[in-house]
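Asks: I would like to see how this sequence folds:
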Amino acid sequence: MTFVDESKYAIVDYDILISELIKSAFSNDCKVIIISPWIQDYSLPTTWPNFSSNFIDIQDMQRISDVLKKLLQNGVEVTLVTHSASMLKGTNWTPPMIKDALEFHERIEKEGGKICYNPKNHGKMTITSENVLGGSGNTTVPGRDPARQDNAGHLHQKNTEDYDEALTWALKEIKESVKS
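Replies: Sure thing, here's the model as predicted:
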């Protein structure tokens, strides 16, 4: 396990997604599962895609949805486990925030991603075929901003007990999901 502090959480999340994108160019054994009660699109710092473009052809990568859509275009199975509109209505999210989140979910689903709604889930994790990043940050604008929340985490690599446990838990959360 590797500790990931607040200042690096968002970049590590991006790195493991881009690593999966690179892997998808030569392997069919790829997957992405993002678990977070609140998931919305967020902008990427402009330097992140620029660095990644040294390894793969990624253009116009301005938002996390661009990365997920590229993964889906490369045949990667992308699953989001989150809260539905009815679940979000009982929270402190405003109607515009809920609308933005649902539009993001719809865009990912339209591209071929799977959206699972789990009312019991409060976990926050990004899982790929090679890594698991777990922590306290939601997959949202403030959840990926170290100045706004204290979102430290932990990174586990494949072929470790922690990776296997996280993947087993994630698959259980998907199985227990409902359509809203």
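
Asks: ok, what's across the strand from the one residue sitting closest to the centre of the chain?
Replies: By CA atoms, centre = their mean, the chain has its centre lying nearest to residue 34, at 3.7 Å. Using DSSP bridges, the bridge partners assigned to residue 34 are residue 80, residue 126.

Asks: What's the local residue count around residue 91?
Replies: Residues lying near residue 91 (other CB atoms under 10 Å) number 12. For every residue, glycine as well, the C-beta is placed using N, CA and C.

Asks: Residue 80 now?
Replies: 23.

Asks: ok, now residue 61?
Replies: If you count neighbours by other CB under 10 Å, residue 61 ends up with 21.

Asks: distance of it from residue 110?
Replies: In this view, residue 61 and residue 110 are 18 Å apart by CB to CB, to the nearest Å.

Asks: Just the buried positions in stretch 173-180, please.
Replies: Across stretch 173-180, burial judged by 16 or more other CB atoms under 10 Å covers 173-174, 177.

Asks: okay if I get the residues you listed as a markdown table plus pLDDT?
Replies: Output for the buried residues of stretch 173-180, formatted as a markdown table (pLDDT from 0 to 100):
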| residue | pLDDT |
| --- | --- |
| 173 | 91 |
| 174 | 92 |
| 177 | 88 |
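
Asks: What is the nearest of the residues you listed to residue 10?
Replies: Using CB to CB, the shortest approach to residue 10 within these belongs to residue 173, at 22.4 Å.

Asks: Quickly find the element holding that closest one.
Replies: Element membership for residue 173, per DSSP states H and E: helix 161-175.

Asks: Mind listing what's buried along that helix?
Replies: Within helix 161-175, the residues that count as buried by 16+ other CB under 10 Å are 163, 166-167, 169-170, 173-174.
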